[in-house]
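> I would like the atomic coordinates for the input below:
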Amino acid sequence: MGKILLFRKKRLTALACALAAALIFYVVNYPYAATAAATNRQLPIYCVQRDQKMVAISFDAAWGNEDTQELIDIMDRYDITATFFVVGSWVDKYPESVKALSDAGHEVMNHSNSHAHMSQLSTQEIVADLNACNDKIEAVTGVRPTLVRPPYGEYDDHVINAVRSMGMEPIQWDVDSLDWKDLSASEITQRVVNKVQPGSIVLFHNAALHTPEALPGIIETLLQEGYTFVPISQIILPGECGTDYTIDHTGRQCPC
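Numbers count the residues shown, from 1 in each chain. This next block holds a predicted model:
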């Protein structure tokens with residue numbers, strides 16, 4: 001009996017080795033097919049391949065409004081503009097702040113109408129939700145949003161497909177300030193300036209405790225390093241996915 005078990009174990013080991021060797025052969029000899037299989041998942045844009053030192057800073061606005069005007073004033077001081085992703089219910093509560101953001105030259109984009117978990121919604125529900133938020137933003141700013149940041153940073157293939165079916169682009173981030181965790185201003189600053197690279201998209205929140213304190217130092221440091229600040233619509237590459245650009249497995253948008 002022991003000899004039979006040993007024989008079977010050897011056969012299984014040999015089979016496993018053969019399968020591993022076959023997999024290695026396939027990946028080495030057919031790398032494009034292997035890459036395609038790994039990247040079939042639909043991804044939003046997390047960052048952009050850029051040779052120039054460009055960075056886009058963004059703010060999510062879903063609840064409070066304590067610091068919006070201060071953030072506008074800080075960025076006005078440095079003559080830079082950012083992208084604000086706002087929830088429709090936030091537009092309902094603070095239309096004057098939405099208008100102030102737009103009047104100051106900042107992009108006001110879509111963060112959903114009700115901050116729902118979009119992966120739990122049908123395609124029709126997602127489209128209706130985003131259109132409701134778009135309508136509210138356009139009514140205040142006169143500009144219809146073209147970018148979406150899904151609430152909670154959550155998405156799946158059907159969420160991304162629903163967004164793109166509307167002619168909109170889903171946007172994530174590659175640098176998270178973690179300001180919502182109430183980190184100190186110095187911790188936020190170090191996190192951001194140490195992680196930014198050309199083409200980065202940075203995530204902040206408009207009502208985080210220490211963001212207004214951290215923002216001037218972040219801006220000054222990156223300006224000294226030669227970075228130019230642009231809104232997200234100016235850092236992403238134009239055109240059609242698959243024709244003019246691709247999005248790799250990390251969410252980096254790359255020119256074709």
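> I'd say Y155 and I45 touch.
No: in this structure Y155 lies outside contact range of I45 using C-beta atoms under 8 Å: 11.6 Å. C-betas here are computed from N, CA, C, even on glycine.
> which residues do the two both contact?
With C-beta atoms under 8 Å, 6 or more residues apart in numbering applied, the overlap between the contact sets of Y155 and I45 consists of P170.
> quick one, strands of the chain?
Shown for the chain, the strands assigned by DSSP state E span residues 47-48, 54-61, 83-86, 107-110, 147-148, 169-170, 175-176, 200-205, 228-229, 245-247, 252-255.
> Show me what the second one packs onto, helices and strands only.
By that I understand strand 54-61. For strand 54-61, the packing partners by 3 or more C-beta pairs under 8 Å, 6 or more residues apart in numbering; DSSP states H and E come out as strand 83-86, strand 200-205, strand 228-229, helix 232-235.
> what sits up against the last one?
It stands for helix 232-235. If you take C-beta under 8 Å, 6+ apart as the criterion, helix 232-235 is touched by 48, 50, 54-56, 58, 83, 107, 109, 146-147, 171, 199, 201.
> if we go to 6 Å?
48, 54, 56, 83, 171 (C-beta atoms under 6 Å, 6 or more residues apart in numbering).
> Which two among those residues are spaced furthest apart?
Within these, M54 and I171 form the most distant pair, 15.1 Å apart (C-beta to C-beta).
> of the two, who's got more company?
Comparing M54 with I171 by neighbour count (other C-beta atoms under 10 Å), the higher total belongs to I171, at 25 against 16.
> And the more buried one, how close does it get to G226?
Taking C-beta to C-beta, to the nearest Å as the measure, I171 and G226 are separated by 24 Å.
> Tell me the bridge partners for the nearest residue to D176 once chain neighbours are set aside.
Leaving aside its chain neighbours, D176 sits nearest to L203 (5.0 Å; criterion: C-beta to C-beta, 6 or more residues apart in numbering). Using DSSP bridges, the bridge partners assigned to L203 are S58, D176.
> what sits against C254?
For C254, the contacting residues are 49, 246, 248, taking C-beta under 6 Å, 6+ apart as the criterion.
> before we move on, what about L101?
Counting by C-beta under 6 Å, 6+ apart, L101 touches 84, 108.
> and the gap between it and D176?
If you measure L101 against D176 using C-beta to C-beta, the figure is 22 Å.
> Tell me who's in contact with I188.
With the criterion set at C-beta under 6 Å, 6+ apart, I188 makes contact with 177, 179, 214.
> same deal with W180?
205, 208.
> now swap in the one 4 residues further on and tell me
Contacts for S184 were tallied using C-beta under 6 Å, 6+ apart; they are H210.
> Count the residues that sit near the nearest residue to K136 once chain neighbours are set aside.
For K136, ignoring the flanking residues on the chain, the nearest one in space by C-beta to C-beta, 6+ apart is V91 at 4.3 Å. Using other C-beta under 10 Å, V91 has 24 neighbouring residues.
> In this model E138 seems to touch V91, though I could be wrong.
No: using C-beta atoms under 6 Å, V91 and E138 do not qualify as a contacting pair, with a distance of 10.1 Å.
> The residue lying closest to I45 once chain neighbours are set aside - how many residues pack around it?
Counting by C-beta to C-beta, 6+ apart, I45 lies nearest to Q253, which is 4.8 Å off, once chain neighbours are set aside. Q253 sits with 24 neighbouring residues when counted by other C-beta under 10 Å.
> Can you name the residues that contact Q253?
Shown in contact with Q253 (C-beta under 6 Å, 6+ apart): 45, 48, 236-237, 245, 247.
> at 10 Å what do you get?
Q253 makes contact with 43-50, 169, 199, 201, 235-237, 241, 244-247 under the criterion C-beta atoms under 10 Å, 6 or more residues apart in numbering.
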